[in-house]
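In: below: sequence and its predicted model.
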Amino acid sequence: MSTSSATASPLPQDRFLGMKITPITRRRLHNFKANRRGFWSLWIFLILFTLSLFAEFIANDKPLLVRYDGNFYAPVFTVYPETTFGGEFETQADYRDPFVQDLINEKGWMVWPPIRYSYRTINYNLSVPAPAPPSAENWLGTDDQGRDVVARLIYGFRISILFGLTLTILSSIVGIAAGAVQGYFGGTTDLLFQRFIEVWSGLPTLYLLIILASIVEPNFWWLLGLLLLFSWMSLVGVVRAEFLRARNFDYVRAARALGAGDALIMFRHVLPNAMVATLTFMPFILNGSITTLTALDFLGFGLPPGSPSLGELLAQGKANLQAPWLGLTAFFTLAIMLSLLIFIGEAVRDAFDPRKTVGPLPGTGSALKPSAKPVAKKAAAE
Amino acid sequence: MSELLSVRDLSVDFRLSGSTMHAVRSVSFDIRPGETMALVGESGSGKSVTALSILQLLPYPVADHPGGSIRFKGTELVGADEKTLREVRGDRISMIFQEPMTSLNPLHSIEKQINETLFLHKGLTRAAARKRTLELLRLVGLPEAEKRLAAYPHELSGGQRQRVMIAMALANEPDLLIADEPTTALDVTIQAQILELLKDLQRRFGMALLLITHDLGIVRKMADHVCVMNHGEIVEKGTNAALFAGPKHPYTQRLLAAEPKGNPAPPPANAADVMTARDIKVHFPIKKGLLRRTVDYVRAVDGIDVTVREGHTVGVVGESGSGKTTLGLALLRLHASQGAIRFDGKDIQGWQAAKMRPLRREMQVVFQDPYGSLSPRLSVAQIIGEGLKIHGIGSGKEREAMIAKSLEEVGLDSSSRNRYPHEFSGGQRQRIAIARAMVLKPRFVVLDEPTSALDMSVQAQIVDLLRDLQVRHNLAYLFISHDLKVVRALSNDVLVMKDGKVVESGPTRQIFEAPQQAYTRALIAAALNLVAVKTGDVRM
């Protein structure tokens, strides 16, 4: 390493979460954190999402750990027949059965998750007909089939987010690629692609889903695939416009003069500038994906019957107006989840905006304003 | 009271997300009826803000006057109510702006736009307003004024639009005309015409003129009194003659000394040809009719020969639209063209992109607009290092060192390489753009108006830098510019272009001292002496 480059990096290597980061990333993080609402939303969302990823450990009708006869068992991971614990049947042990519980407690103990219901566990011991109102046993009551609402909520939240994220990522990849190609090459490519999109967007998604539902039983992946066929178009317009605008910029020309190829120019020079527009749209697409799944479930064309889903909970709330805890739970969950995602999206957009500067960066002491002091030493006369 | 306008201790602050920027600090000056006052300064010196605050046109309440007063004929304008201001704006004080392309409403005809001010302030009838509008358009020298009444702004050239703007400003015979960089966006020949028009109109109406400009040549020709602004303060004021004869403040002295000067470096003897082009043509088809058949061509570049040798600079001058930039791009094979292009003995016309790639390292370009030519989302190190990466030059650490070295070579601190372009001033950005080209050690560089978007003092520095780099690396330059002063300071040979053709070419000294063609003479007179030569060669 030559001396000039050694003197050129006076800053100590900056680290974030143990990774080496450039000052640019540092500033993006700073900008993100400066948006307090988005920053807190991210934390709340991450905690909720992480918790829901471990739904099986929070809400389950099986104990986390069983000590029986000197051995440890983990029913969450392994299926044990009832005979293991001295029962009579060869089928899987029903740990909620008082008989089985007595068998185990006789020769050991059990550690239960905080909520002793899975999304499909039916509470047969209800004192009132289902749907039962909130109680100490069922915190948010039960639905009209006697299943615990909290348990279904946790599982439903997880599946909604996972579906939304997957659909958003996949449709963004397809949409950005399609928009980039159209905008960058323009001309005939653009013309043909635009006409195709116009025809394609005219296809009725809902009817296709209904037709699909009559042929196969739609599951997570079927729905994802079918919705992806249509959802990728939402980003094309934005990305195409950014590429059309940027392809004649001087810096794109300069890159061409440096000998850069089309792919490199698209990814390195034009795409980063299209990213703010894209990122601005992303939270809306994510929310849109979640809402689409909820809507399909609400209508009964979504996930297979019995799956935990917010849309199904909403439908039950509509069918059982005398049980307001169903509708209210679904409403508040959706409203809070969608709001959190929008706030995070706003903060992400701020972070990637190079013109946006909020307050001084910690450690540098100087606000990075567009009118920053001249950096040139030798050009002091400027 | 003899003063028409009296500005006392005027300050302007801008409040931006918590921080306060003092754009103008305690500025005082007076303008007497019929005189011309010039506010001179570089970009960011607060001269336009001062002018806008006279008419209270700043974005209040983001902008704020912490102190000071502006009295126009005894009436206080700072903090005046809307009604008072409306009576003054466009009636007693008029303003013309820099950019004639955006200052006119594209959806209204010329007549409608000029009539508007007449309706507002004079309450004229439609017929009377039409008559007055026609009179004004004749006054500002718009050719075929009757036909132009119904024209829309896009049908007029830049110079014609500026004339319409002036006609609008004069509609109510104001006492004071504020001209904010009225000619910056125009070609040199048009600039001279507009300046003469302003001077003539001022004499006829006896109005005062507040001229805001960065161009000392214009100031010297036009102004009676001059105020030099720097960082929001007036550092020196005085009469035109006194200021130019003996500037007192060091900033004024520096500004006056900043004109690009010096001579091109003596070219090395028996230098090899780097770039030779014969009969270069770039034609754009004009398509018409249902079948979009090509009926004619726009001949942007029409049969040009040019040879650039090692260590030599060929200057290409001409007005906007003369095909200078297209020629430069065609030579670099960034624009499709016809004709033979020989680079370093190889005929590169028609080569595929992949075959061109190794040569890209040896031929580079620097663009006019330093704000548009740097990718705003890449750091300076990434921008400069990109070429090295593409051509696989050096390892990671060697590249780092090369980037740092090239930054230092163009006069920037190498620790600034992790910053983004928007944190730099225009001159610094242009240095970055030059570093990006120079880090590849090219042999041939196209400089496409590299100084036009920069302040005067920065221009001179960039010219010095370019000359210095040329000598050090024995570079061949194709220097494209409309600014003849800069061309004279840097070029060994000059090519004068008009409508895609070469009007005249030869050694710089010969072109400037003994131009053969009438067009060249008009161009030189307009550029160096701000004199409009009335010949058929120069467009209105």
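Out: Done, it's in.
In: who's in contact with B:G46?
Out: B:V12, B:A23, B:V24, B:R25, B:V27, B:M229, B:H231, B:G232, B:E233 (Cβ atoms under 8 Å, 6 or more residues apart in numbering or on different chains). (C-beta placed from N, C-alpha, C; glycine too.)
In: of those, select the buried ones using a ChimeraX command.
Out: Listed next is the ChimeraX selection for buried residues among the contacts of B:G46, using 16 or more other Cβ atoms under 10 Å in any protein chain shown:
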select /B:12,23,24,25,27,229,232,233
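In: can you list which of the contacts of B:G46 are found in strands?
Out: Under the assignment DSSP state E, the contacts of B:G46 contribute B:V12, B:A23, B:V24, B:R25, B:V27, B:M229, B:E233 to strands.
In: contacting residues for the fifth one?
Out: With contacts taken as Cβ under 8 Å, 6+ apart, B:V27 has the following neighbours: B:V7, B:D9, B:L10, B:S11, B:G46, B:T50, B:G68, B:M229, B:G232, B:E233, B:I234.
In: the last one now?
Out: With contact set as Cβ under 8 Å, 6+ apart, B:E233 has these partners: B:V24, B:R25, B:S26, B:V27, B:G46.
In: repeat the analysis, applying 10 Å as the threshold.
Out: Neighbouring residues of B:E233 by Cβ atoms under 10 Å, 6 or more residues apart in numbering or on different chains: B:S11, B:H22, B:V24, B:R25, B:S26, B:V27, B:G41, B:S45, B:G46, B:Y251.
In: which residues of the stretch 301-450 of chain B fall in strands?
Out: Counting by DSSP state E, counting those that start in this stretch, the stretch 301-450 of chain B has strands at residues B:313-317, B:338-343, B:346-347, B:363-366, B:444-448.
In: partner strands of the last one and their direction?
Out: Think strand B:444-448. Strand B:444-448 has its sheet partners listed here by DSSP bridges as strand B:363-366 (parallel), strand B:476-481 (parallel).
In: what's around the closest residue to chain B within the stretch 151-300 of chain A, how many residues?
Out: Per Cβ to the nearest Cβ, A:G259 is where the stretch 151-300 of chain A lies closest to chain B, at 3.1 Å. Using other Cβ atoms under 10 Å in any protein chain shown, A:G259 has 22 other residues around it.
In: quick check: closest non-adjacent residue to it.
Out: The shortest distance from A:G259 to any non-neighbouring residue, by Cβ to Cβ, 6 or more residues apart in numbering or on different chains, is to B:R360 (3.1 Å).
In: tell me, how many residues neighbour that neighbour?
Out: 22.
In: and if you look at the one 5 residues further on?
Out: Neighbour count for B:V365, taken as other Cβ under 10 Å: 28.
In: that older thread, for B:E87, find the nearest of the strands paired with strand B:444-448.
Out: strand B:476-481 (45.1 Å; Cβ to Cβ).
In: could you point out which element follows the closest one?
Out: Next helix or strand after strand B:476-481 toward the C-terminus (DSSP states H and E): helix B:484-490.
In: average pLDDT across that following helix?
Out: The predicted model assigns helix B:484-490 a mean pLDDT of 87.
In: export that helix as CSV, just CAs?
Out: Extracted C-alpha coordinates of helix B:484-490, given in CSV (Å, rounded to 0.1, in the frame of the first residue of the first chain):
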residue,chain,number,x,y,z
LEU,B,484,-13.7,32.4,-27.5
LYS,B,485,-11.6,33.7,-24.6
VAL,B,486,-11.2,30.2,-23.3
VAL,B,487,-10.5,28.8,-26.7
ARG,B,488,-7.8,31.4,-27.3
ALA,B,489,-6.1,30.5,-24.0
LEU,B,490,-5.9,26.8,-24.8
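In: and the next helix or strand past that helix?
Out: Sequence order places strand B:493-498 as the next helix or strand after helix B:484-490, per DSSP H and E.
In: list just the nearest of the contacts of B:E233 to chain A.
Out: Nearest to chain A out of these is B:Y251 (Cβ to the nearest Cβ; 10.6 Å).
In: buried set for the host helix or strand of the closest one?
Out: Using DSSP H and E, the element containing B:Y251 is helix B:250-257. Residues B:Y251, B:T252, B:L255, B:L256 are the ones in helix B:250-257 that count as buried (16+ other Cβ under 10 Å).
In: contact partners for the spatially closest residue to the third one that is not a sequence neighbour?
Out: Same thing as B:L255. Nearest residue to B:L255, sequence neighbours excluded (Cβ to Cβ, 6+ apart): B:S457, at 6.2 Å. B:S457 makes contact with A:A381, A:E382, B:E42, B:H214, B:Y251, B:R254, B:L255, B:L256, B:A257, B:A258, B:E259, B:G427, according to Cβ under 10 Å, 6+ apart.
In: repeat for B:E76
Out: B:S69, B:I70, B:T84.
In: can you rerun that using 8 Å?
Out: The contact partners of B:E76, taken as Cβ under 8 Å, 6+ apart, are B:S69, B:I70.
In: any idea how far B:A435 is from the nearest residue to B:I403 once chain neighbours are set aside?
Out: Using Cβ to Cβ, 6+ apart and skipping the chain neighbours, the partner closest in space to B:I403 is B:I384 (4.8 Å). Separation of B:I384 from B:A435 (Cβ to Cβ, to the nearest Å) stands at 5 Å.
In: what residues are shared contacts of the two?
Out: Contacts common to B:I384 and B:A435, judged by Cβ under 8 Å, 6+ apart, are B:I403, B:S406, B:L407.
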